[in-house]
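Student: the sequence and its predicted three-dimensional model are supplied below.
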Amino acid sequence: MAESPREVAHLHAEEIFDVHEAARYLKINEQTLRRLAREKQIPSFKVGGSWRFMRSRLDRWSESQQHTRRAPHILVVDDESIVRSFFQRVLESKGFRVTAAGGGREALELFSKEVPDLVILDLMMPDMNGAETLREIRMGWEFVPVIIITGYPDSELMSQALHHSPFALLPKPAVPDQLLEAVKWAIGRENLPPELTEER
């Protein structure tokens with residue numbers, strides 16, 4: 001929550017993060033962190049008009065979120081409805097929340113409503129291809145992990161996408177086991193829903 005000037009005066013002995021450092025520490029993107037601070041949903045205070053965060057309070061906040069954490073949200077972007085349906089069915093069966101978009105422009109509009117924890121992005125799409133979509137994601141939401149799916153790993157579009165790495169690469173068509181392993185790697189096992197963390 002926002003701190004008073006008196007409280008700020010006692011923070012000198014604590015490790016203090018700015019927005020960039022705190023976002024990296026919590027593994028969330030900076031826009032989400034600023035929103036949480038504005039809405040007083042995360043311990044924070046301002047110095048010279050800029051948000052600051054105490055590491056010890058972030059640790060306690062993060063621990064409290066473990067008990068109320070919603071299922072990770074995955075955005076699937078593919079112009080083929082059969083592919084979107086396949087990914088959605090596999091991922092939702094494992095406890096993920098899934099939103100599907102038929103193209104890059106629709107995907108970017110969805111970012112304004114909720115920033116996903118992971119994007120699964122087709123490379124070959126009409127109107128706005130995967131490389132162009134990835135560029136826009138990196139410009140606005142640097143920390144969101146991305147998995148690119150493609151049947152053309154040696155294409156010119158892949159060369160363009162590499163300018164906006166890092167991202168994981170998944171062959172298309174993908175089988176469920178490949179998909180889930182890629183998602184586990186991209187999201188991090190500590191953030192997985194119970195359906196996957198309980199699997200051996």
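Tutor: Structure's in. What do you need?
Student: shouldn't Leu108 be within a helix?
Tutor: Yes: judged by DSSP: H, G, I helix; E, B strand; the rest coil, Leu108 forms part of a helix.
Student: got the contact list for the spatially closest residue to Asn191 that is not a sequence neighbour?
Tutor: Counting by CB to CB, 6 or more residues apart in numbering, Pro72 is the residue found nearest to Asn191 once chain neighbours are left out, at 5.8 Å. For every residue, glycine as well, the C-beta is placed using N, CA and C. By CB atoms under 8 Å, 6 or more residues apart in numbering, the residues touching Pro72 are 96-97, 117-118, 187, 191-193.
Student: check contacts around the residue nearest in space to the middle of the chain.
Tutor: Of all residues in the chain, the one closest to the mean position by CA atoms, centre = their mean is Asp117, 2.9 Å from it. Asp117 is in contact with 72-74, 144-145, 187, 191, counting by CB under 8 Å, 6+ apart.
Student: ditto for Phe87
Tutor: 76, 78, 98, 100, 120, 179.
Student: isn't the third one right next to Glu92, touching?
Tutor: The reference is to Val98. Yes: Val98 is within contact range of Glu92, at 5.4 Å (criterion: CB atoms under 8 Å).
Student: more neighbours, these two?
Tutor: For Val98 and Glu92, the more surrounded residue by other CB atoms under 10 Å is Val98, and the numbers stand at 21 against 14.
Student: just checking, His164 touches Leu134?
Tutor: Yes: in this structure His164 lies within contact range of Leu134 using CB under 8 Å: 4.7 Å.
Student: render the CA-only coordinates of the strand or helix carrying Phe86 in CSV, please.
Tutor: Element membership of Phe86, judged by DSSP states H and E, is helix 81-93. In CSV, the C-alpha atoms belonging to helix 81-93 read as follows (Å, rounded to 0.1, in the frame of the first residue of the first chain):
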residue,chain,number,x,y,z
SER,A,81,-9.6,-22.4,-35.7
ILE,A,82,-8.9,-26.1,-35.5
VAL,A,83,-5.4,-25.4,-34.0
ARG,A,84,-6.8,-22.9,-31.5
SER,A,85,-9.4,-25.4,-30.4
PHE,A,86,-6.8,-28.1,-30.0
PHE,A,87,-4.5,-26.0,-27.9
GLN,A,88,-7.4,-24.7,-25.8
ARG,A,89,-8.7,-28.2,-25.1
VAL,A,90,-5.3,-29.6,-24.1
LEU,A,91,-4.3,-26.6,-21.9
GLU,A,92,-7.7,-26.2,-20.2
SER,A,93,-7.7,-29.9,-19.3
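Student: kind regards, and thank you for your time.
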